[in-house]
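>>> the sequence and its predicted three-dimensional model are supplied below.
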Amino acid sequence: MDKKISVSIMCVDFFKLEECIKTLEEQCIDLIHVDIMDGSLVPNFTLGTDFVKALKANTTIPLDIHLMVENPENKLDWFKFGEGDYVSVHYETAKHLHKAITAIKAKGAKAMVAINPATPICVLDDILSDIDAVLIMTVNPGFAGQKLIPSTLTKIKKLREYLDSNGFNDIEIQVDGNVSFENAKLMNEAGANIFVAGTSSVFSKDNTVEENTKCLKNIINS
Ligand code: DX5
Ligand code: ZN
């Protein structure tokens, strides 16, 4: 399965957004991860509908929209996305999960279900045949710069094994939260293939975005 980097754009220096998008395009970044928070599922606000619209108009990199909102099935039409993009909705807040997944796919995008660290993978059983990917939160959603919750590594491994042994080999696994260079190696070994890169890797202050990207690519492709 292809390894992909999804850069978490909430971690950018917003005064340098244009320059950063150019760098991400030059580095052939696979996806731009856009965190949408509603102050209810998670105690924070971040990016929104106009920002997604602006990104769509100004970059060719597909978007990976992470909807950390209540009742996402009623809000999908607020966002501009389509072919090539990924959209995730949380199991914990989608009362009509199947409806949300169907609506995402109807727009041509890849549909993903996100689960919080304490949510077991068994809740996904009856939706697996409808989805393209699972997003495993490896920190509690809401903020950048948190520490990995170690039990989520076992969860990634269990999910990959479960998917492969039940005929769902094509379902991708995305990991989000403290995907540092060190943790990316462990997450990769556990079976993740889409890595959300934020302050722990691509935007780490120790090096440039270019250097950090190259380093992360080497780790996940080795
Ligand atoms: C939440 C976010 C964060 C963050 C990732 O959904 O996606 O997890 O931006 O970056 P880190 O954890 O490396 O700061
Ligand atoms: Zn996210």
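It's in. Ligands and ions are numbered 1, 2, ... in the order given.
>>> next up, the contacts around Lys157.
For Lys157, the residues meeting the contact criterion (CB atoms under 8 Å, 6 or more residues apart in numbering) are 190-191. No exception for glycine: its C-beta is placed from N, CA and C like everyone else's.
>>> neighbours of the closest residue to Glu161 other than its chain neighbours, how many?
Distances taken as CB to CB, 6 or more residues apart in numbering put Gly191 closest to Glu161, at 7.5 Å, once the chain neighbours are dropped. A total of 18 residues lie near Gly191 under the criterion other CB atoms under 10 Å.
>>> now Gly39
Number of residues near Gly39 (other CB under 10 Å) recorded here: 13.
>>> quick one: it and Gly48 touch, right?
No - with the criterion set as CB atoms under 8 Å, Gly39 and Gly48 do not qualify as a contacting pair; they are 11.4 Å apart.
>>> helix or strand for whichever residue of the chain sits closest to ligand 2, which one?
Nearest to ligand 2, among the residues of the chain, is His66, at 3.7 Å (CB to the ion). For His66, the element it lies in under DSSP states H and E is strand 63-68.
>>> so what secondary structure elements neighbour that strand?
When contacts are defined as 3 or more CB pairs under 8 Å, 6 or more residues apart in numbering; DSSP states H and E, strand 63-68 packs onto strand 31-37, helix 49-58, strand 86-90.
>>> what's the second one packed up against?
Helices and strands touching helix 49-58, as assessed by 3+ CB pairs under 8 Å, 6+ apart, comprise helix 17-26, strand 31-37, strand 63-68.
>>> show me which positions of it end up buried.
Residues 51-52, 55-56 are the ones in helix 49-58 that count as buried (16 or more other CB atoms under 10 Å).
>>> can you redo those residues as TSV with pLDDT?
Formatted as TSV, the buried residues of helix 49-58 follow (pLDDT from 0 to 100):
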residue	pLDDT
Phe51	97
Val52	98
Leu55	97
Lys56	97
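>>> columns distance to ligand 1 on top of these, output as a markdown table?
A markdown table is the format used below for the buried residues of helix 49-58 (distance: CB to the nearest ligand atom, whole Å):
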| residue | distance to ligand 1 |
| --- | --- |
| Phe51 | 14 |
| Val52 | 15 |
| Leu55 | 15 |
| Lys56 | 19 |
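>>> next structured bit after the lengthiest helix in the chain?
Secondary structure of the chain per DSSP state H: the longest helix is helix 151-165. Note on helix 151-165: by DSSP H and E, the next helix or strand toward the C-terminus is strand 172-176.
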